[in-house]
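Engineer: here is the input, now give the coordinates:
(one chain, ligands or ions: 1)
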Amino acid sequence: MAKVGIFVGTVYGNALMVAEEAETLLAEAGHEVKIFDEGTLESWQFYRHHYALVITSTTGQGNFPDSIVPLFQAIKDQVGFQPELHYGLIALGDSSYDNFCGAGHTFDALLQEQGAMRVGELLEIDALQHPEPETLAIPWIKKWAELIAS
Ligand SMILES: Cc1cc2nc3c(=O)[nH]c(=O)nc-3n(C[C@H](O)[C@H](O)[C@H](O)COP(=O)(O)O)c2cc1C
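Structural biologist: Have a look, this model is predicted:
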């Protein structure tokens, strides 16, 4: 079974709620899971040969929540090529804003640029359509749990 680090970017707690749901479901599927609500480069590097699940909302005008800015910046500035990394991405946003799920897409673009392998499709959760983000997240997480087990 896989080791999974869940790296969270949140302002109001929605992304953390999704992360806690993911922690429960992934653990139930037999995976070893840890949540990082203020992830560091050191914790990220541990999962480089395992799995990272990034769950971030978007704030400002397509910006990252403060809690995940240092991690994103450190990966961008210090990591470089990381083709051995497997990751998943859940982006929370609100389609009434211009840069819908902008932070999630920016993180995904960086990891793609660095050669990392995304497992599954990026999940966008629109707060306008889904006031309870876990309704959309649960089936995606269950599928992701299967993908990383195979
Ligand atoms: C001040 C503010 C700015 C926001 N800016 C964006 C944005 O640019 N793009 C987007 O898709 N969503 C935006 N959102 C919506 C949030 O990403 C969405 O409500 C999300 O569910 C919040 O999750 P969180 O509680 O984990 O921070 C914004 C919300 C607020 C309150």
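Engineer: tell me, what residue is most central in the chain?
Structural biologist: Nearest residue to the geometric centre of the chain (C-alpha atoms, centre = their mean): Val54, 1.4 Å.
Engineer: and the gap between that one and the ligand?
Structural biologist: With distances taken as C-beta to the nearest ligand atom, to the nearest Å, Val54 is found 13 Å from the ligand. In short, each C-beta sits where N, CA and C put it, glycine included.
Engineer: helix, strand or coil: sort out that residue for me.
Structural biologist: Val54 carries the three-state label strand when classified by DSSP: H, G, I helix; E, B strand; the rest coil.
Engineer: would you confirm that it contacts His86?
Structural biologist: No. Between Val54 and His86 there is no contact under C-beta atoms under 8 Å: 11.8 Å.
Engineer: mind listing what's buried along the host helix or strand of Gln45?
Structural biologist: According to DSSP states H and E, Gln45 maps onto helix 41-46. For helix 41-46, burial by neighbour count (16 or more other C-beta atoms under 10 Å) applies to 44-45.
Engineer: contacts for that helix?
Structural biologist: Identification of contacts with helix 41-46 by C-beta atoms under 8 Å, 6 or more residues apart in numbering yields 5, 7, 36, 52, 71, 74-75, 78-79.
Engineer: mind redoing it with 7 Å?
Structural biologist: 5, 7, 36, 52, 71, 74-75, 78 (C-beta atoms under 7 Å, 6 or more residues apart in numbering).
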